[in-house]
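A.B. asks: Got a predicted model here, sequence first, then my questions.
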Amino acid sequence: VALLRSTLKRHFLDFPNHKVTLNMAASTSKKHENFVRESMLKDGNPKTIDELAGIGPKAKAELEDKGLTHAHMLLGQLLVFNRNEEMFLEFLKDNAPCLNSHHRQSCYNCLNEWCSLNL
């Protein structure tokens with residue numbers, strides 16, 4: 001990022017009255033990108049919970065033990081919370097304690113972006 005900023009500054013030195021603003025979004029995983037561009041169904045079947053960004057085998061097992069087997073079930077929970085980030089992250093913390101804060105955030109970001117694009 002620093003290299004990109006310095007390169008852009010050098011290229012824009014000829015235009016001192018122009019402000020250069022970089023809006024660097026957090027990078028997303030391939031899993032995230034694949035999930036948000038598709039429907040909740042894959043080949044006519046509901047997507048499994050581990051197709052969500054941030055959800056791996058351990059979290060999948062913990063969530064399945066709670067009866068959450070498909071991605072649309074977590075989506076439903078997010079919608080029950082009115083897409084409230086804090087409440088959803090706390091829900092994940094309580095129901096999949098193996099998830100660290102980064103993975104919980106990845107899951108939230110994935111579902112929230114899916115909502116923004118599809119609802």
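C.D. replies: Sure, I can see it. Computed from a prediction, not measured in an experiment: that's the story for all the values here.
A.B. asks: got the residue ranges for the strands in this structure?
C.D. replies: Counting by DSSP state E, the chain has these strands, from start to end: 41-42, 45-46.
A.B. asks: top helix in this structure by residue count?
C.D. replies: Determined from DSSP state H, the single longest helix within the chain is helix 101-118.
A.B. asks: ok, residues contacting that one?
C.D. replies: 26, 28-29, 31-32, 35-37, 39, 52-56, 59, 71, 74-75, 78-79, 83, 85, 88-89, 92-93, 96, 99 (C-beta atoms under 8 Å, 6 or more residues apart in numbering). C-beta coordinates here come from the backbone N, C-alpha and C atoms, glycine included.
A.B. asks: Report the buried members of these.
C.D. replies: Among the contacts of helix 101-118, the ones that count as buried by 16 or more other C-beta atoms under 10 Å are 31-32, 35-36, 52-55, 59, 71, 74-75, 78, 88-89, 92, 96, 99.
A.B. asks: Among those, name the ones in helices.
C.D. replies: Counted as lying in helices by DSSP H, out of the buried ones among the contacts of helix 101-118, are Lys31, His32, Phe35, Val36, Ala59, Ala71, Leu74, Leu75, Leu78, Phe88, Leu89, Leu92.
A.B. asks: Save those residues as a markdown table, and put in distance to His103 and pLDDT too.
C.D. replies: Formatted as a markdown table, these follow (distance: C-beta to C-beta, whole Å; pLDDT from 0 to 100):
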| residue | distance to His103 | pLDDT |
| --- | --- | --- |
| Lys31 | 11 | 94 |
| His32 | 12 | 94 |
| Phe35 | 14 | 95 |
| Val36 | 17 | 94 |
| Ala59 | 7 | 98 |
| Ala71 | 15 | 98 |
| Leu74 | 13 | 98 |
| Leu75 | 17 | 98 |
| Leu78 | 15 | 98 |
| Phe88 | 13 | 98 |
| Leu89 | 10 | 98 |
| Leu92 | 8 | 98 |
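A.B. asks: need those in CSV with distance to Asp43, can you?
C.D. replies: Below are those laid out as CSV (distance: C-beta to C-beta, whole Å):
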residue, distance to Asp43
Lys31, 17
His32, 20
Phe35, 15
Val36, 18
Ala59, 23
Ala71, 14
Leu74, 20
Leu75, 18
Leu78, 24
Phe88, 27
Leu89, 31
Leu92, 27
